[in-house]
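> return atomic coordinates for the entry below.
(one chain, ligands or ions: 1)
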Amino acid sequence: MNRLLISISRSPHGRAFLMRKKGVSREEVAHRLDDAMSGNVDFSSGRIMGSMCTSPHPMAVEAHMRFVESNLGNPGLCEGTLELEREVIKMLGGLVNLPDPHGHFLSGATEANITAMYIAKKLTGRRKVIFPRSAHFSVHKAIDLMNMEPVKIGLDDDYRLSMDDLEDSLDDDVAMVFAVAGTTELGTVDPICMIGDKVNDVPIHVDAAFGGFVLPFLEELGRVDERFLGWDFSVEEVSTMAMDPHKMGLATIPSGALLKRKGLEKGTLAVPSPYLTMPISYTLSGTRASGAVAGAYAVMTHLGREGYLEVVRSVMDETTYLMKRLLELSMEPVIDPVMNILAVHHNDPISVQERMRERGWFISRIEDPKALRFVIMPHVFRGALDDMLKDLEEVLRGV
Ligand SMILES: Cc1ncc(COP(=O)(O)O)c(C=O)c1O
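Residues are numbered from 1 along each chain as shown. Sure, this is the predicted structure:
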């Protein structure tokens, strides 16, 4: 580990260079990269049970590498990628009931959430953003950057946005209600249909970073409780949505998307980009990775809906298995898992997480309520679950 390939030398003007004067051989660089890689944990080990990303599908990796040099931020030079982007946005729109989808491929849901808030601020001219306390922390970044006023509201008994709190908070200065379809901690879904009935002209942004690639397939499998239906653009008041192919979409990092309902043009982030090949730049990021677009296109067209149904069926089966085994250890789930995220109550999750980390397991935790959290991504295979459970049992017994 840490074979150093940097060396300090000084220029005649006293600048300290850390980059070597003479380059090193390909082999030496490769050794250094191998060293660095050995410090990373592979998803394929099955030991990462607290991440919302996973090994990208090989088709996505291959496609990504083919498009690795082109910059979608200068689209006149890569009209081929632009065409792929449109097709991916259309496919994503089809998954979430958006018949005439507009949108952009971005670096992830953080950027999508920031951009959605920009649109809401521009369109409404208002300042408040209502969001449930279960929202991903990217909402705070967006609010801060956009100089909005945060209105954090509580949850109901099922850990979903509280309709009572929402009704108490709505007023003439609300620019956006930020709702979540697939919360980071518990994977639950806010009552978006009911929110739509209350907001009047306030736009709803749905953060479906995780759930966007799970809920459509769960619905098709008939594995969603009725309470969670009506979370997408079928709700008229939903105007924007974040969706991350680099999570359950099995695409390469960084691949996120912002979907927009038609008619939001006035609020669109658009600045002149006179020295590029197209006159207007529409995204927060300038340079954008074509590889990520090609990767998402490749995996989505290769797997098709049947492929994703199989992925979702399999992770849900493993989630059910894990829940059964954890119940045998007297660990109670915080909620019945809606998707492939399972949290179980524990009064000292930090120390369990640390003990498990010492044994090479990466599990996650929640602070309120105190719980251990498992994300059962496609790389989490049955043997890894069984091995993890053996260690967990010992850790819980204090061995
Ligand atoms: C619900 C939700 N929204 C947003 C994000 C942020 O996504 P990214 O890290 O791709 O920006 C996450 C990440 O886990 C998430 O779970």
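> next one: stretch 17-29 to chain centre, how far?
36 Å (CA atoms, centre = their mean, to the nearest Å).
> ok, residues contacting it?
The contact list for stretch 17-29, computed with CB atoms under 8 Å, 6 or more residues apart in numbering, reads 5, 6, 7, 8, 9, 10, 11. C-beta here means a position set from N, CA and C on the backbone, and glycine is covered the same way.
> same thing with stretch 331-347?
158-159, 182, 185-189, 210-211, 214-215, 218, 224-225, 228, 248, 312, 315-316, 318-320, 322-323, 326-327, 352, 366, 369-377.
> so which bits of the helix or strand that residue 113 is a member of are buried?
Taking DSSP states H and E as the criterion, residue 113 maps to helix 109-124. Neighbour counts using 16 or more other CB atoms under 10 Å place 109-121, 123-124 of helix 109-124 among the buried residues.
> and it with the ligand, contact?
Yes - using CB under 6 Å from any ligand atom, we find that helix 109-124 touches the ligand at 109, 110.
> contact partners for residue 272?
So residue 272 contacts 279, 280, 281 (CB under 8 Å, 6+ apart).
> count the residues that sit near the residue nearest to the second one when sequence neighbours are not counted.
Nearest in space to residue 280, with sequence neighbours left out and distances taken as CB to CB, 6 or more residues apart in numbering, is residue 270 at 5.0 Å. The tally of other residues near residue 270 (other CB atoms under 10 Å) stands at 12.
> which ones are touching the closest residue to the ligand within the stretch 101-250 of the chain?
For the stretch 101-250 of the chain and the ligand, the shortest gap (CB to the nearest ligand atom) falls at residue 108, measuring 2.5 Å. If you count contacts by CB under 8 Å, 6+ apart, residue 108 has them with 209, 244, 246, 253, 254, 255, 256.
> for residue 159, same thing?
134, 183, 186, 188, 334, 335.
> which of the residues you listed lies closest to residue 151?
Relative to residue 151, the closest of the contacts of residue 159 is residue 134; by CB to CB it sits at 14.3 Å.
> before we move on, the earlier item: so which of the contacts of residue 108 also contact the ligand?
Among the contacts of residue 108, the ligand is touched by 209, 244, 256 when using CB under 6 Å from any ligand atom.
> may I have the phi/psi pair for residue 38?
phi -70, psi -20 (degrees, to the nearest 10).
> give me the spatial nearest neighbour of the residue of the stretch 101-250 of the chain closest to the ligand, chain neighbours excluded.
residue 256 (3.8 Å).
> which strand residues bridge the one you found?
residue 106 (DSSP bridges).
> pretty sure it sits against residue 241.
No - shown here, residue 256 and residue 241 do not form a contact pair, counting by CB atoms under 8 Å, at 11.1 Å.
> those two - which one has more neighbours?
Taking neighbours as other CB under 10 Å, residue 256 and residue 241 compare with residue 241 leading, 32 against 27.
> doesn't that one belong to a strand?
Yes - counting by DSSP: H, G, I helix; E, B strand; the rest coil, residue 241 is found in a strand.
> which pLDDT value belongs to it?
With respect to pLDDT, residue 241 has a value of 98.
> quick check: residues of the stretch 51-200 of the chain near the ligand?
52, 108, 109, 110, 136, 138, 180, 182, 184.
> make CSV out of those and add pLDDT.
Converted to CSV, these look like this (pLDDT from 0 to 100):
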residue, pLDDT
52, 97
108, 97
109, 98
110, 98
136, 98
138, 98
180, 98
182, 98
184, 98
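> so which of these comes closest to residue 262?
residue 109 (21.6 Å).
> and the closest one, what does it touch?
Counting by CB under 8 Å, 6+ apart, residue 109 has contacts 136, 138, 207, 209, 242, 243, 244, 256.
> from residue 180, how far out is it?
Separation of residue 109 from residue 180 (CB to CB, to the nearest Å): 10 Å.
> common neighbours of those two, please.
Common neighbours of residue 109 and residue 180 (CB under 8 Å, 6+ apart) are 136, 207.
> would you mark the buried spots in the helix or strand where residue 80 lies?
Element membership for residue 80 (DSSP H and E) is helix 79-95. Going by neighbour count (16+ other CB under 10 Å), the buried part of helix 79-95 is 81, 82, 84, 85, 88, 89, 91, 92, 93, 95.
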